[in-house]
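Student: just need the structure, nothing else, for what follows:
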Amino acid sequence: MKCSIPGCGTFGRRRIPKRALESVKLTYPTAWITNDSRVCDTHQQRYKNSLLEGIRFATIKNSARMVHQYTGLPNGEVFLALLKFLRSYRTQTSLTYAVTGNHHSTLLYEDQLLITLKKLRVNLPDDILAVDFQVSRSQITSIWRSWLDIMVNKFKTLVGDELPSLAKCQKAMPACFASHPNTRIVIDCTEVPIEAPSNIESSAKCYSHYKSTHTAKLLIGIAPSGVITYVSRCYPGGTTDKEIVVDSAILQKVTVGDNVMADKGFLIHDILPEGVTLNIPAGMWGKTQFTPEEVAASRKVSIARIHVERSIGYLKRYKILGNKVVAKMLPYLSDIAFVCAQLVNLNPVFLREVDNDFFKMTRAT
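Tutor: Down below sits the predicted model:
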């Protein structure tokens, strides 16, 4: 059997290493490569060596599946657009890192960004990333912290402090919000498991009876289209929803005529600004049974409110927020949550109805 690599007519008697098979497929996407394909001794050694080089952006840029798996972005084009956007930020921090053992070879910006996104998406330890990219562990830590700071600053200048206007929300409003056309934001809290603090007082504040573990809690707000428009800083897991709403000042961002949608645990009627309404499912406070009208109204609210749960689900696909956060990462957790939310927004709209309406509106204009 001849070597399966195009252009090589040498006799192939060795199988491609299983771990290198994906790299071969990405390098030669048109080649007929299977688990039984044979390669010559030269290519066998080449792909064994490629395992030591790690997965760089140049290796995966043509595979949308691999880019999404390691970064959460839809494809390599979006990755490069993000890189171009971030590189316009002037930072005082040096972003030049020499590859270990070769001071004439520097780590490309695209690979530095890949390290950062792999840290967020896959939550690989710094030691593993250091081996993968042939740099020291301290350099890996410096890289993802520097790029995290850059992304926070750039994304904040992009999204601003204000919520999208009600008029913008209504342009991309799904049919499930037909009963609540003035909805400007849908809010909900989510919790991230954290390592138990060593301080007894901090440990008590961070313990969540809902999750039965120590957590950090943050408030998420989305537009009716599903786009994440607000992410609060992280609070101790024992903080109530109402306390977070008050401290985050999210209600100061809505105006007269706006509607806020939330879960039934958000008992914030008494702190709503004048002219702002609240939609929550009906509760059983002082009742033994819901009326038919309450059941119908609650069902409409729940059908619309479920989209904030879906957005939070996409956010938790970044494993750094889905797995237990160690103590040394806690100072960066608020920034990490904010950046991950903006990365989620770089993906296609997950509501097909909104996606179709957007393209119809684009063609019309």
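Student: where does the protein dip in pLDDT?
Tutor: Scanning the chain for pLDDT under 70 picks out 1-54, 90-105, 284-286, 349-365.
Student: domain boundaries for it, per the record?
Tutor: The chain resolves into domains spanning 14-53, 60-159, 166-364 when parsed by automatic domain parsing.
Student: any idea which element residue 344 lies in?
Tutor: Using DSSP states H and E, the element containing residue 344 is helix 333-345.
Student: contacting residues around that helix?
Tutor: Outside helix 333-345, the residues within contact range by CB atoms under 8 Å, 6 or more residues apart in numbering are 71-73, 117, 120, 148-149, 151-152, 155-156, 158-159, 192, 194, 216, 218, 220, 227-228, 231, 233-234, 311, 314-315, 318, 320-321, 325, 329. The way it works is simple: take the backbone N, C-alpha and C, and place the C-beta from them, glycine included.
Student: and the helix ranked longest in the chain, what does it pack onto?
Tutor: Ranked by number of residues, the top helix in the chain under DSSP state H is helix 292-316. Packed against helix 292-316 by the contact rule (3 or more CB pairs under 8 Å, 6 or more residues apart in numbering; DSSP states H and E) you find strand 183-193, strand 213-222, strand 259-261, helix 333-345.
Student: show me where the stretch 1-150 of the chain has helices.
Tutor: 18-27, 41-53, 57-60, 64-71, 76-87, 109-121, 126-133, 137-159 (DSSP state H, counting those that start in this stretch).
Student: make CSV from the domains of the chain and add mean neighbour count to it.
Tutor: Converted to CSV, the domains of the chain look like this (neighbours: other CB atoms under 10 Å):
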stretch, mean neighbour count
domain 14-53, 15
domain 60-159, 17
domain 166-364, 17
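Student: just to revisit the earlier point, quick one, which of the helices of the stretch 1-150 of the chain is nearest to residue 199?
Tutor: helix 137-159 (24.2 Å; CB to CB).
Student: closest to residue 113 out of the helices and strands packed on helix 292-316?
Tutor: Per CB to CB, nearest to residue 113 of these: helix 333-345, 11.3 Å.
Student: and that closest one with helix 76-87, angle?
Tutor: 140 degrees (axes from the mean of the first three to the mean of the last three CA atoms, to 10 degrees).
Student: how far off centre is helix 333-345?
Tutor: 6 Å (CA atoms, centre = their mean, to the nearest Å).
Student: C-terminal to the longest helix of the chain, what's the next element?
Tutor: Elements were assigned by DSSP H and E; along the chain past helix 292-316, the next helix or strand is helix 319-322.
Student: who does that next one touch, helix- and strand-wise?
Tutor: So helix 319-322, by 3+ CB pairs under 8 Å, 6+ apart, packs with helix 109-121, helix 333-345.
Student: run the last query once more with 10 Å
Tutor: helix 109-121, strand 183-193, helix 292-316, helix 333-345 (3 or more CB pairs under 10 Å, 6 or more residues apart in numbering; DSSP states H and E).
Student: relative to residue 204, which of these is closest?
Tutor: Using CB to CB and comparing these, the one that lies nearest residue 204 is strand 183-193, at 15.9 Å.
Student: what's the angle between that closest one and helix 292-316?
Tutor: Using the same axes, to 10 degrees: strand 183-193 against helix 292-316 is 60 degrees.
Student: the inter-axis angle of strand 183-193 versus strand 213-222?
Tutor: Going by the same axes, to 10 degrees, strand 183-193 makes 160 degrees with strand 213-222.
Student: quick one on the thing from earlier: could you dump the helices of the stretch 1-150 of the chain to TSV with distance to residue 179?
Tutor: Below are the helices of the stretch 1-150 of the chain laid out as TSV (distance: least, CB to CB, whole Å):
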stretch	distance to residue 179
helix 18-27	48
helix 41-53	56
helix 57-60	45
helix 64-71	35
helix 76-87	35
helix 109-121	37
helix 126-133	48
helix 137-159	28
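Student: element containing the closest residue to residue 300 other than its chain neighbours?
Tutor: Sequence neighbours aside, residue 179 is the residue nearest to residue 300 in space, at 4.8 Å (criterion: CB to CB, 6 or more residues apart in numbering). Per DSSP H and E, residue 179 falls between elements, in no helix or strand.
Student: correct me, but residue 179 touches residue 305?
Tutor: No - at 11.9 Å, residue 179 does not count as touching residue 305 under the criterion of CB atoms under 10 Å.
Student: overlap in contacts of the two?
Tutor: By the contact definition CB atoms under 10 Å, 6 or more residues apart in numbering, residue 179 and residue 305 are jointly contacted by residue 279.
Student: where's the nearest residue to residue 145 once chain neighbours are set aside relative to residue 338, distance?
Tutor: Once flanking residues are discounted, residue 145 sits nearest to residue 332: 7.2 Å by CB to CB, 6+ apart. Using CB to CB, to the nearest Å, residue 332 is found at 10 Å from residue 338.
Student: now do the shared contacts for those two.
Tutor: The contact lists of residue 332 and residue 338 share 148, 152, 234, where a contact means CB under 10 Å, 6+ apart.
Student: now flag whichever of those residues is closest to residue 183.
Tutor: residue 234 (25.8 Å).
Student: show the contacting residues for that closest one.
Tutor: Counted by CB under 10 Å, 6+ apart, residue 234 has contacts 191-192, 194, 215-219, 244, 325, 330, 332-338.
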